[in-house]
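# Here you go, sequence then predicted model.
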Amino acid sequence: MDKTAQTEAWVTNDAVVFGLLMVILAVVFYTSNIKHRFFRKFYAVLPPLLLCYFVPGLFNSFGVISGENSGLYKMSSNYLLPACLVLFILNVNFREVWGLRKKAGLLFFTGMAGIVLGGPLAVWLFSLVAPDVVGGEVWKGLATLAGSWIGGGANQAALYRIFEPSPQIFAATVAVDVFVAYGWMALLLYGAGKQERLDRFFKADTTEVKALMQRMEAYHGEGTKAAEAKDYFVMLGIAFGVTGVAHLLSGAIADYIGTHAPQLDKFSLTSGFFWLIVLATFMGIGLSFTKAKRLEALGASRLATVFLYVLVATIGMQMDIFAILDNPALFLVGFIWLLFHALLLFAVAKLIKAPFFYLAIGSMSNIGGVASASVTAGTFHPSLVPVGVFLSVFSYAIGTYAGYLCGILMQWLAP
């Protein structure tokens, strides 16, 4: 999800911006662990993760920092994201994670259907009441948005080349992408803090998810010991060593496919980032069958959590809460589109009595891609991060096709 251009920020030095983000994270984590009544009530309403995401967004919105011009999100998504995936995956029992596939997979495809059908529905409704909003070639820009919401930036870029919307229309839909999608992510993160109440609403059977989390926690409790400096260097060496190898291979693979099989671009197979995540994930899986698995007892997932929250802060600084003022009617199109997606997910989750986790990850693995899905899954429990990763990688693979279908339907229904 990208961001529209904005004026010069007050703070443009990324070293200063990074320092500011780290102070925000430190304050949030420190105060969230204070037992004072005020802080307990405050964080009962606003979960720490939501603040780590939303406060940088406020700094960006008020022009203190610039998410668009900063290189921190690119740094964290290219380096910290694959590194934290490796550390999270080291101790995952994939047989148990595979057992979650049925309901998680169903809600993933439900979320995808909500995007494919929700866009044309929103265009049709506006063609009846305000045809100027979705008239002309607006559908082309919305088609690229479908690619972003079913996959990610690579799929959006592919559909941009296919439909070729004007720069003005594309810029407007990018703003819709940022505001609506990040707003929805904020709601899901808030819901993660209320998951027990939501699970009761869905009458959910949480046995599978809770059993996995309890086994992970029991393992942590039995084996945890104090880590020494050498242990941290080993963990960092493995995490960033794998990340380095993944970068080396992903660029070569993407370039080779782009040269010799450019038609595979529709599957995002010419995207270096796609291969980066795939390779880091599979190398992490391979390491989980070696002695590297023992690093969990020394705090591998805790170190991964630090990386993950830095990623959360850099994602948050992409959000501009004032972007809605630029083209409010188009934002309403995006809102109705995502509302249909959400309602469909809620209906199916209620029908199959699925835990809220499945709804959240089924949505964000479509709309947010690997980074946002990992953050969302990690909010529930570190052991659930691979579920988000696998579904997101799958959405990358089919996102261009699904987005193309959505675009054709919107073209058909546009006034």
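That came through fine.
# Mind checking which residue lies nearest the centre of the chain?
Here the mean C-alpha position of the chain is nearest to the C-alpha of S372 (CA atoms, centre = their mean), at a distance of 1.4 Å.
# Quick one: low-confidence residue ranges for this structure.
Residue ranges of the chain with pLDDT under 70: 1-7, 91-100, 153-154, 157-158, 212, 215-225, 266-268, 323-324, 326.
# The residue nearest to the centre of the chain: what's it in contact with?
With contacts defined as CB atoms under 8 Å, 6 or more residues apart in numbering, the neighbours of S372 are M185, I315, M364. To be clear about C-beta, it is placed using only N, CA and C from the backbone, and glycine gets the same treatment.
# who touches the second one in this structure?
Contacts for I315 (CB under 8 Å, 6+ apart) come out as Y53, Y73, Y182, A371, S372, V375.
# Of the residues you listed, which belong to helices?
Y53, Y73, Y182, A371, S372, V375 (DSSP state H).
# Distance check, the third one against F331.
To tie it back to what came earlier, the one meant is Y182. Y182 is 12 Å from F331, where distance means CB to CB, to the nearest Å.
# neighbour-wise, which of the two wins?
When Y182 and F331 are compared on other CB atoms under 10 Å, the one with more neighbours turns out to be Y182, at 24 against 19.
# G241 - how many residues pack around it?
Other residues near G241 number 13, with proximity taken as other CB under 10 Å.
# nearest spatial neighbour of G63, skipping sequence neighbours?
Closest residue to G63 apart from its sequence neighbours, by CB to CB, 6 or more residues apart in numbering: A9 at 5.5 Å.
# helix, strand or coil for the one you found?
The three-state label for A9, taken from DSSP: H, G, I helix; E, B strand; the rest coil, comes out as coil.
# Pop out the phi and psi values for it.
phi -80, psi 160 (degrees, to the nearest 10).
# one step back: could I get the ones in helices among the contacts of I315 in a markdown table, plus columns for distance to V385?
Putting the ones in helices among the contacts of I315 into a markdown table (distance: CB to CB, whole Å) gives the following:
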| residue | distance to V385 |
| --- | --- |
| Y53 | 17 |
| Y73 | 19 |
| Y182 | 20 |
| A371 | 11 |
| S372 | 12 |
| V375 | 9 |
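# Which parts of this structure are strands?
If you assign secondary structure with DSSP state E, the chain ends up with no strands.
# for the ones in helices among the contacts of I315, which one is nearest L413?
Checking the ones in helices among the contacts of I315 against L413 with CB to CB, the nearest one is Y182 at 26.7 Å.
# for stretch 53-67, how far is the first residue from the last?
Distances were taken as CA to CA, to the nearest Å; on that basis the terminal residues of stretch 53-67 are 12 Å apart.
# Buried residues, it. List them.
Y53, F54, V55, P56, G57, F59, N60, S61, I65, S66, G67 (16 or more other CB atoms under 10 Å).
# Kindly report the same for stretch 199-207.
Neighbour-count burial for stretch 199-207 flags D199, F202, A204, T206 (criterion: 16+ other CB under 10 Å).
# Now it - C-alpha only, CSV.
Backbone C-alpha positions of stretch 199-207 (Å, rounded to 0.1, in the frame of the first residue of the first chain) are rendered in CSV as follows:
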residue,chain,number,x,y,z
ASP,A,199,-15.2,-15.4,19.9
ARG,A,200,-18.2,-15.6,22.2
PHE,A,201,-20.2,-13.6,19.6
PHE,A,202,-19.3,-16.1,16.9
LYS,A,203,-19.9,-19.0,19.3
ALA,A,204,-16.5,-20.0,18.0
ASP,A,205,-14.7,-23.3,18.7
THR,A,206,-11.3,-22.1,19.7
THR,A,207,-10.0,-25.5,20.7
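# which helices and strands does the lengthiest helix in the chain pack with?
Within the chain, and with DSSP H defining each element, the longest helix by residue count is helix 229-260. In terms of contacts (3 or more CB pairs under 8 Å, 6 or more residues apart in numbering; DSSP states H and E), helix 229-260 is packed against helix 81-89, helix 272-287, helix 300-316.
# Next, find the distance separating the closest residue in space to A113 that isn't next to it in sequence from Y30.
Ranked by CB to CB, 6+ apart and with sequence neighbours excluded, the top spatial neighbour of A113 is L344, at 6.7 Å. Summarising the geometry, the distance separating L344 from Y30, computed by CB to CB, is 40 Å.
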